[in-house]
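Undergrad: Whatever this is, show me its structure:
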Amino acid sequence: MKVTTKVSCEICKNRCDIFEAITLTGRSFAGAKTIQAQLRKHERICRQGDFVTHAIYLMDGTAKLFIEGINSHNIILYLMKPPAYIGLLSFFQSISYTYSVTALEDARICMVDLDYLKALYLENNAVLLKLNKAFGKSVALIMNKIICLNQKNIRGRIAESLLYLADFYGSNEYRLSLTRKELGEMSAISEENTVRLLTEMRKEGIISLEGRQVTINDKSILRKISDLG
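TA: Numbering: from 1, shown residues only. Model prediction:
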């Protein structure tokens, strides 16, 4: 992680909800102690087990939030793109991260003093509502992931992951920022099975694959595979 600059919210070009909250409460911008940092592809933003010291805001790029399992058997819970708060799941209850977040491509983040943001959260209803909404979205994604991994077979899980990515990228044609191994980690299956299932779906004409370029040819069939599990 390369710290590019220590800046005030007042001169930031990517003003987020925190800027509006500070303005409304009349607090000092200096109290936020904001730090902006640039990360390279695959660089760790926060690590499972590390102490939580800042609220982190994803400004540019994409990232994956995952649980580090035994023998590098990780499970990717969901992906993130701007605007997104990183670390909400550890905001109040946990003094350390219970998950890790890694940049999937070159990314830029803003770090805000955690105690300062907690004060804004308690003082400003708008901040409370926006953070609660973001927190609720994170919890919903994790709940859906638990249901998927518990109730669906591997073919249904890979289908759901492909549909999730189409929604994430906003198109039925997208270039994967994930490796085949990471796609398997989204579905809790091995890299070998991931490759096999993608090949089967390609041969069946459900999807097209060219390197990392994915095209969903028959979304209704893919959704049926996902629903039936």
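Undergrad: so A126, which of the three states?
TA: The three-state label given to A126 by DSSP: H, G, I helix; E, B strand; the rest coil is helix.
Undergrad: if I read this right, it contacts E20, doesn't it?
TA: Yes - A126 is in contact with E20 according to CB atoms under 8 Å; the separation is 7.0 Å. Yep, even glycine has a C-beta here, placed from its N, CA and C like the rest.
Undergrad: can you count the residues close to A63?
TA: A63 is flanked by 27 other residues according to other CB atoms under 10 Å.
Undergrad: and the closest residue to it other than its chain neighbours, what pLDDT?
TA: In this structure, A63 finds its nearest non-sequential neighbour in M80, 4.6 Å apart by CB to CB, 6 or more residues apart in numbering. Turning to M80, the model gives it a pLDDT of 93.
Undergrad: so M80 sits right up against D60, yeah?
TA: No - using CB under 8 Å, M80 makes no contact with D60, being 11.6 Å away.
Undergrad: Look at those two and report which has more neighbours.
TA: Using other CB under 10 Å as the criterion, M80 and D60 rank with M80 on top: 22 against 15.
Undergrad: What ranges in the protein fall below the confidence cut-off?
TA: Scanning the chain for pLDDT under 70 picks out the ranges 4-8, 10, 88-94.
Undergrad: what residues go with each domain of it?
TA: Domains of the chain are assigned by automatic domain parsing as 2-147, 152-228.
Undergrad: measure the residue in the chain sticking out farthest from the centre to K145 for me?
TA: Computed with CA atoms, centre = their mean, the residue of the chain farthest from its C-alpha average is G26, at 31.4 Å. Look at G26 and K145: by CB to CB, to the nearest Å, they are 41 Å apart.
Undergrad: now the strands for the protein?
TA: Under the criterion DSSP state E, the chain contains strands at 2-5, 35-39, 44-46, 54-60, 63-67, 75-80, 84-86, 100-103, 107-113, 173-175, 207-210, 213-216.
Undergrad: Using CSV, list the CA coordinates for the last one.
TA: What follows is strand 213-216, C-alpha atoms only, in CSV (Å, rounded to 0.1, in the frame of the first residue of the first chain):
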residue,chain,number,x,y,z
GLN,A,213,-14.0,-12.8,-21.5
VAL,A,214,-17.4,-14.3,-20.4
THR,A,215,-20.6,-14.0,-22.4
ILE,A,216,-23.8,-15.4,-21.0
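Undergrad: Buried residues in it, which are they?
TA: Of the residues in strand 213-216, 214, 216 count as buried by neighbour count, 16 or more other CB atoms under 10 Å.
Undergrad: which helices and strands does that strand pack with?
TA: On a contact count with 3 or more CB pairs under 8 Å, 6 or more residues apart in numbering; DSSP states H and E, strand 213-216 meets helix 154-169, strand 173-175, strand 207-210.
Undergrad: Dump the ones you listed into TSV; add distance to C12 and mean neighbour count as well.
TA: Converted to TSV, the helices and strands packed on strand 213-216 look like this (distance: least, CB to CB, whole Å; neighbours: other CB atoms under 10 Å):
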stretch	distance to C12	mean neighbour count
helix 154-169	26	20
strand 173-175	30	13
strand 207-210	39	14
